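K.L.:
Just need the structure, nothing else, for what follows:
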Amino acid sequence: MQAELIFTGTELLLGEILNTHAQYLGRRLLALGIEVILHTTVGDNWERLAQVLRQSLQRADLIIITGGLGPTSDDLTKETVAGVLGLPMVVDEPTLRSLEEYAARRRVAVTEGVAKQACFPAGARILPNPVGTAPGALLEHQGKVLVLLPGPPGELKAMFEEAVVPYLSSLVGRGPVIYSRVIKVTGLGEVGVQQLIGDLEGEQASIAYLARPGEVHVRVSARAAGAEQARQVVGDLLGRVQERLGDYVFGFDDEVLEEVVGRLLAERGLTLALAESCTGGLIGARLTSVPGSSRYFLGSLVAYHNRVKEKVLGVPGELLQSCGAVSREVAVTMARGARLLAGADIGVGVTGIAGPEGGTPDKPVGLTYIALDVPEGSLAREFRFPGRREAVRQGAANAALNMVRLYLLRGFSG
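P.N.:
Residues are numbered from 1 along each chain as shown. Take a look at the predicted model:
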C-alpha cells in the first residue's frame, strides 16, 4: 500500500510553524508497512487543494490530509474533498449533538462555524476527537482511502492512534508491505560507510544513508508480499551490514548514543565525570536526558575559560601557555582532573574550536581534542569536525561518548 500526505495551512507554507506531522505520520505509517511516496503542503486555498488531491488520487492508495477541519472560513478540507469526489455534504446528527452539549457546558452559543464541524462528505466514517472539538473523517471511495485529520498535533496523534491505526492495520494484508530498520553508526563518515557496505544492496532490499553530526544512519528496507517476508529480508541484510561495520555500530532504530553508553556504564558498575570546554555542557545534558543516569554519571564541569581549567581542574598554566588550550596535553589533564575531582572511574576531557571565530592555520575551526582518563592510564585523540558551530559541538559530543563506549567494550588500549 502506498500513501501520500497532504498538509494544509498557509502558516506551514510561510514557515510560521514547524510541520511535525510529516515526521510523525511517516514513522507511524512505515511501522504499519505502508510506503509514503510523496508529501505536499498546500495553503488555505480550495482550488490548489483540489488540484493536489486529484493528482494524489491517481497515484496513491491512501491519502491522508491534515488540517482544515475547524470552524473558521479558511477550514476547507472537508468541502474540498466532497467537491473532488462528487459527494454532497451532510450533517452528522450525533456529532452535532455532541457539539451542542459542549457549547452548553461552556455556556456559549452554537454558531454557524461550530455547526460546520458536524458536516461531512456523504458516506464518511466519523473519527472522534478525544482531545478537541473537530472530528476527523475516513472515506473509502473507488478503491482509495482518504483520512482527514485535525491540524493541532495533540489532536492529530490521539485520533490517529485511537481510530486510524486499527483501521489501517486491517488493510495492510491486502497488498505489498514495506519494512525498514535503521542501524546507527559513529566514528565513520557517510562515504566510508558506503564503501564498506554498498555492495550488499540487492533487488530484494535497499540501503539508504542519512548523515548527521557525528553519526551516519543506515536504513535497510524491503518490499514484499507479506510482513513476515519483508522482516526476514531486512533481518538478513541487517546482520550482514552489522558484521561489516563492526564496532562502528552503536545502536538501532530509536536508540541514541547516550542511552547505549549509560546502559554499558550501569552494567559494569562504573561512573563517569566530564570536563567540557567547547561542548559547553552538551555531553552532560545528553547523558542526564536518560532516566536513571544518576547511577553512573557524577557530573560535568564546564571549563570554558582557561582560569577554570587551571584553578579547578589543575591544568598547569605553563601547559596552557606552551601547548595552548586546544591541545592533546590539555585534554588529557582536563580528563584526569575531572576524574579525580569527582572520584569517578572514567574521566573525559574535551577542548576544541567550535567557531566561527578563533581558528588559525595551525588550529582551524573544528579542531578538537578528546581525552579519556582511567586508572590504567590516559589516551587522547585529535578530531577535525566539519560544519558550523553546532555541528562541531554535536560531533565532539558524539565522539566523546563513543570513546567511552569503545573503552567499555574493548578495555584500555593505551
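
K.L.:
The nearest residue to residue 116 once chain neighbours are set aside and residue 247: what is the separation?
P.N.:
Excluding the flanking residues, the one nearest residue 116 by CB to CB, 6 or more residues apart in numbering is residue 71, at 5.6 Å. (Glycine included, C-beta is placed from N, CA and C.) For residue 71, the distance to residue 247 equals 57 Å [CB to CB, to the nearest Å].

K.L.:
And residue 273, by the same measure?
P.N.:
24 Å.

K.L.:
Going by contacts, tell me the helices and strands next to the helix or strand where residue 180 lies.
P.N.:
With secondary structure defined by DSSP states H and E, residue 180 is part of strand 177-185. With contacts taken as 3 or more CB pairs under 8 Å, 6 or more residues apart in numbering; DSSP states H and E, strand 177-185 sits against strand 215-224, helix 227-245, strand 249-252.

K.L.:
Mean confidence (pLDDT) on that strand, please.
P.N.:
Per-residue pLDDT values across strand 177-185 average out to 92.

K.L.:
Buried by neighbour count: which residues of the helix or strand following that strand qualify?
P.N.:
Downstream of strand 177-185, the next assigned helix or strand under DSSP H and E is helix 190-197. Residues of helix 190-197 classed as buried by neighbour count (16 or more other CB atoms under 10 Å): 190, 193-194, 196-197.

K.L.:
remind me which residues of the stretch 251-400 of the chain are low pLDDT?
P.N.:
The model of the stretch 251-400 of the chain has no residue with pLDDT under 70.

K.L.:
where do the strands sit along it?
P.N.:
272-276, 297-302, 346-352, 367-374, 377-384 (DSSP state E, counting those that start in this stretch).

K.L.:
tilt between the shortest one and strand 367-374?
P.N.:
Spelled out, it's strand 272-276. Here the directions of strand 272-276 and strand 367-374 differ by 150 degrees (axes from the mean of the first three to the mean of the last three CA atoms, to 10 degrees).

K.L.:
Same check on the third one?
P.N.:
Using the same axes, to 10 degrees, the direction of strand 346-352 lies 170 degrees away from that of strand 367-374.

K.L.:
Show me what strand 346-352 is packed against.
P.N.:
Looks like strand 346-352 contacts strand 272-276, helix 328-342, strand 367-374, helix 389-410 (3+ CB pairs under 8 Å, 6+ apart).

K.L.:
Just confirm residue 244 contacts residue 194, I think it does.
P.N.:
No. The criterion here is CB atoms under 8 Å, and residue 244 misses it with residue 194 at 11.0 Å.
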